[in-house]
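J.: Okay, structure incoming, though there's no sequence with it:
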């Protein structure tokens, strides 16, 4: 179980993010934040689409996959390519919440 995490939203910036990306994307971002660790000033999380869907329990892995692809395209998350020792290992993502209001 992860430690308690406080996630704050700044309005109207967060409302614009919600309208642009939808509530499922906000839930995915919250899950990624709750699992992330600070690594040299960056929020980094190693997880898979399936793991996010299991933790959330309210959206399918297909929905999480679509939302994560949209977040990747929007630059909110990016894959960290270095460090994967196996193709079966969960990918590592770096979060960039600038401009999201979160």
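T.: Perfect, thanks for sending it. A quick note: this is a predicted structure, and the numbers were derived from the prediction, not measured.

J.: what ranges do the helices span in the chain?
T.: Ranges of helices in the chain, per DSSP state H, are 13-21, 23-35, 49-56, 61-74.

J.: taking those together, which one is wrapped up most tightly?
T.: helix 23-35 (a mean of 19; mean count of other Cβ atoms under 10 Å). The way it works is simple: take the backbone N, C-alpha and C, and place the C-beta from them, glycine included.

J.: which other residues reach that helix?
T.: Contact partners of helix 23-35, identified using Cβ atoms under 8 Å, 6 or more residues apart in numbering, comprise 2, 5, 7, 17-18, 43, 45, 47, 52, 55-56, 58-59, 63-64, 67-68, 70-71, 76-77, 93, 95, 97, 100, 102.

J.: In this structure, where is pLDDT below threshold?
T.: Scanning the chain with the threshold set as pLDDT under 70 gives 1-3, 82-86.

J.: which residues does residue 46 bridge with?
T.: When bridges are called by DSSP bridges, residue 46 pairs up with residue 92.

J.: That one and residue 92 touch, don't they?
T.: Yes: using Cβ atoms under 8 Å, residue 46 is in contact with residue 92, at 4.6 Å.

J.: quick one: stretch 18-28 to chain centroid distance?
T.: Offset of stretch 18-28 from its chain centre (Cα atoms, centre = their mean, to the nearest Å): 11 Å.
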